[in-house]
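Q: Here you go, sequence then predicted model.
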Amino acid sequence: MFDCSVNPAVESGMEAHNKTPVVLLSCGSFNPITNMHLRMFELARDHLEGSGQYTVVKGIISPVGDSYKKKGLIEATHRLEMARLATESSDWITVNSWEIDQPQWLETVKVLRHHSEELRAVGKKGDEVDLDKYGKKRRVSRSRLSSSPQLQRVVPQVMMLCGADVLESFGIPNLWKPEDIVEIVGRYGVVCITRSGNNIHKFIYQTDVLWKLCRKIHVVHEWVTNDISATHVRRALRRGQSVKYLVPDPVLSYVQEHNLYSSESENKNADVVLAPLQINSGASLS
Ligand SMILES: Nc1ncnc2c1ncn2[C@@H]1O[C@H](COP(=O)(O)OP(=O)(O)OP(=O)(O)O)[C@@H](O)[C@H]1O
Ligand SMILES: O=C(O)c1ccc[n+]([C@@H]2O[C@H](COP(=O)([O-])O)[C@@H](O)[C@H]2O)c1
């Protein structure tokens, strides 16, 4: 999966019905959402569709709940609203509040399972399968689903979308459960955007379990290096500096209107252990 050459399937004009429909799911703090978070989805879609094997039907942003307890994490309601504002101009990237609505922090594999099961349930009912890139639902009847092998495969595959820092965090002891990593990569698949400061190919090479499953990891090389991070945006905001063009304009207006991101907010959870580290103990990744 590490090659970036032109795919013969694209050149030969492979028909759309042979392609696997994919829903990209990105979990993270989005504290706040930046232009790079949105770019990540566009880069991933170009990459997958450029392979000639996939058609990306939807993107989902799933902000993490407050109980994640990351330092500087502001209230979920604000992060959710900013993500909603940021995606208003997109015809395929959506925001989902299911993860935020859960009473406790949830492992990412459970978020992947939830969205995958939801898509399967909708597909089974034969009601509406959200296949249309432009947000319109296409009705597929139960009889058509059972009679056509192509339509039987219509339930999209959910893939995790992340930056290289998150994939590399798989190696941090007690952060991710080894069995979750196997399920995330092996069952769902990962699309990973390179990030300056991370050497993701080397990390995959050095990690046995990822090396074994490397066909399920789609590394997208971002040649136009873009090191926007939410940390940088928060830092600039609490120093009174401009973040225009780093975040979508409606997000900036929301931040200003609600006076978000200060030294106080950055100190939230300062003395609290991150939820996954609290929950996990023992085994680390080999
Ligand atoms: N510049 C970037 N390049 C590639 N991936 C990115 C970039 N910024 C964010 N991501 C990815 O977006 C997802 C959500 O990220 P997150 O909300 O943690 O943003 P972040 O900018 O990394 O935040 P922070 O600076 O607070 O750690 C993660 O998978 C992260 O790797
Ligand atoms: O599933 C896990 O075990 C797990 C362990 C650590 C982090 N995560 C998720 O990874 C995301 C990381 O976001 P962030 O902002 O800390 O880079 C966030 O959605 C977390 O819920 C998930």
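A: It's in. Ligands and ions are numbered 1, 2, ... in the order given.

Q: what separates the closest residue to A275 other than its chain neighbours from ligand 2, distance-wise?
A: Excluding its sequence neighbours, the residue lying closest to A275 (CB to CB, 6 or more residues apart in numbering) is W105, at 3.8 Å. C-beta: built from backbone N, CA, C; applies to glycine. In this view, W105 and ligand 2 are 7 Å apart by CB to the nearest ligand atom, to the nearest Å.

Q: Roughly how far does W105 sit from V57?
A: 28 Å (CB to CB, to the nearest Å).

Q: And for P173?
A: As judged by CB to CB, P173 and V57 stand 37 Å apart.

Q: Counting neighbours, go ahead and name the busier of the two.
A: V57 (21 against 12; other CB atoms under 10 Å).

Q: ok, back up a step: quick one: the residue nearest to A275 is in a helix?
A: No. Applying DSSP: H, G, I helix; E, B strand; the rest coil, one finds W105 to be coil, outside a helix.

Q: Now do the same contact list for it.
A: 64-65, 67-69, 275-276, 279 (CB atoms under 8 Å, 6 or more residues apart in numbering).

Q: same thing but at 7 Å, please
A: By CB atoms under 7 Å, 6 or more residues apart in numbering, the contact set of W105 is 65, 67-68, 275.

Q: R39 now?
A: Counting by CB under 7 Å, 6+ apart, R39 has contacts N226.

Q: The stretch of helix or strand it belongs to: which residues count as buried?
A: Using DSSP states H and E, R39 sits in helix 35-50. For helix 35-50, a neighbour-count test (16 or more other CB atoms under 10 Å) marks 35-38, 40-41, 43-45, 47-49 as buried.

Q: now the longest helix along the chain: how far from the chain's centre is it?
A: In the chain, with assignment by DSSP state H, the single longest helix is helix 108-125. With CA atoms, centre = their mean, to the nearest Å as the basis, helix 108-125 stands 15 Å off its chain's centre.

Q: close to ligand 1, is that helix?
A: No. Shown here: helix 108-125 not in contact with ligand 1 (CB under 6 Å from any ligand atom), separated by at least 10.0 Å.

Q: can you offset everything so residue one is 833?
A: Got it, the first residue is 833 from now on, which makes the last one we talked about helix 940-957.

Q: which helices and strands sit right next to that helix?
A: Here helix 940-957 touches strand 852-860, strand 960-961, strand 989-995, going by 3 or more CB pairs under 7 Å, 6 or more residues apart in numbering; DSSP states H and E.

Q: what's the average pLDDT for that helix?
A: For helix 940-957, mean pLDDT rounds to 91.

Q: what's the angle from that helix to strand 852-860?
A: Orientation check (axes from the mean of the first three to the mean of the last three CA atoms, to 10 degrees): helix 940-957 against strand 852-860 gives 140 degrees.

Q: Strands of the stretch 933-1082 of the chain, residue ranges please.
A: Chain-ordered strands for the stretch 933-1082 of the chain, with DSSP state E, counting those that start in this stretch as the definition, fall at 960-961, 970-971, 989-995, 1022-1025, 1049-1052.

Q: mind listing what the third one pairs with, with the direction of each?
A: Just to be clear, that refers to strand 989-995. Applying DSSP bridges, strand 989-995 is found paired with strand 852-860 (parallel), strand 1022-1025 (parallel).

Q: Looking at the ones you listed, spot the one closest to G1072.
A: When the strands paired with strand 989-995 are compared by CB to CB, strand 852-860 sits nearest G1072, at 25.8 Å.

Q: buried set for the closest one?
A: For strand 852-860, the neighbour count (16+ other CB under 10 Å) marks 853-860 as buried.

Q: filter the residues you listed down to the ones near ligand 1?
A: Okay, of those touching ligand 1 (CB under 6 Å from any ligand atom), that's 858, 860.

Q: Could you report the neighbour count for the nearest residue to C994 once chain neighbours are set aside?
A: Closest residue to C994 apart from its sequence neighbours, by CB to CB, 6+ apart: C1024 at 5.8 Å. If you count neighbours by other CB under 10 Å, C1024 ends up with 25.

Q: Who are the contact partners of C1024?
A: C1024 touches 994, 996, 999, 1032, 1049-1052, counting by CB under 7 Å, 6+ apart.

Q: Output the strands of the stretch 933-1082 of the chain in JSON lines, with distance to K1076 and mean pLDDT appended to each entry.
A: Formatted as JSON lines, the strands of the stretch 933-1082 of the chain follow (distance: least, CB to CB, whole Å; pLDDT from 0 to 100):
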{"stretch": "strand 960-961", "distance to K1076": "39", "mean pLDDT": "50"}
{"stretch": "strand 970-971", "distance to K1076": "38", "mean pLDDT": "46"}
{"stretch": "strand 989-995", "distance to K1076": "23", "mean pLDDT": "98"}
{"stretch": "strand 1022-1025", "distance to K1076": "23", "mean pLDDT": "98"}
{"stretch": "strand 1049-1052", "distance to K1076": "27", "mean pLDDT": "98"}
